[in-house]
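Q: the sequence isn't on hand, but the structure is:
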Ligand SMILES: Cc1cc2nc3c(=O)[nH]c(=O)nc-3n(C[C@H](O)[C@H](O)[C@H](O)COP(=O)(O)O)c2cc1C
């Protein structure tokens, strides 16, 4: 069983990206039996984040969550043709090898197909600079294909990860996300097979 961190980079309290991340986390947990943890950068205290104060307990805890994860699903909305500034503030406090050896699944949500390439020219290069695999394959999801559902505070929201409600994937988003989840699970299995040498 792997420990998978879903990392949300939207400042919105009703974030579609965060709902998408929770949905992906739920599927990875259900289909792969993995443990899922969630981190929303929005919930971190702003002053220590902007000052890169590694001594602040909340920031230390967040950095430890990244360090402990075997895999990280990183979700951000497209803002002004790139990732959100909020996500960048957190990525900037990571060490330059923080993502080394971890499987990464970058997810971008956006309002226009015109910015689908922000995955390749903005988000993936930053993740590579942090030690992520240079050949990252992420997914871009149009926000019109993320149909929001009301939250249920009693059970912590869809996926059991707290916060806002769930999301239904419509159109091509369902196929794209299902493929991304299947690829992530297959990559994890390959990794586990490499880690455990076969007994003769
Ligand atoms: C400040 C701001 C800037 C945005 N810039 C873009 C953009 O450049 N390209 C794009 O396709 N969508 C852009 N959008 C739309 C969002 O990326 C899209 O609605 C996304 O799904 C929002 O995710 P969220 O609900 O998790 O914040 C922008 C939205 C905001 C609020």
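A: Sure thing, it's come through. Here the structure is a predicted model, which means the values were calculated and not measured. Residues are numbered from 1 along each chain as shown.

Q: dihedrals phi and psi, the residue nearest to residue 50 when sequence neighbours are not counted?
A: What sits nearest to residue 50 in space, not counting adjacent residues and going by C-beta to C-beta, 6 or more residues apart in numbering, is residue 89, at 6.2 Å. No exception for glycine: its C-beta is placed from N, CA and C like everyone else's. Dihedral pair for residue 89: phi -60, psi -40, per degrees, to the nearest 10.

Q: right, and residue 89 touches residue 49 too?
A: Yes - counting by C-beta atoms under 8 Å, residue 49 is a contact partner of residue 89 at 5.3 Å.

Q: more neighbours, the two?
A: The residue with more neighbours, out of residue 89 and residue 49, is residue 49; 19 against 16, by other C-beta atoms under 10 Å.

Q: hmm, who's touching the strand or helix carrying that one?
A: Taking DSSP states H and E as the definition, one finds residue 49 inside helix 46-50. With contact meaning C-beta atoms under 8 Å, 6 or more residues apart in numbering, helix 46-50 is reached by 41, 53, 56, 58-59, 89-90, 93.

Q: excluding residues flanking it in the chain, which one is nearest residue 145?
A: residue 173 (3.6 Å).

Q: ok, that neighbour to the ligand distance?
A: Remark: distance between residue 173 and the ligand (C-beta to the nearest ligand atom, to the nearest Å) = 11 Å.
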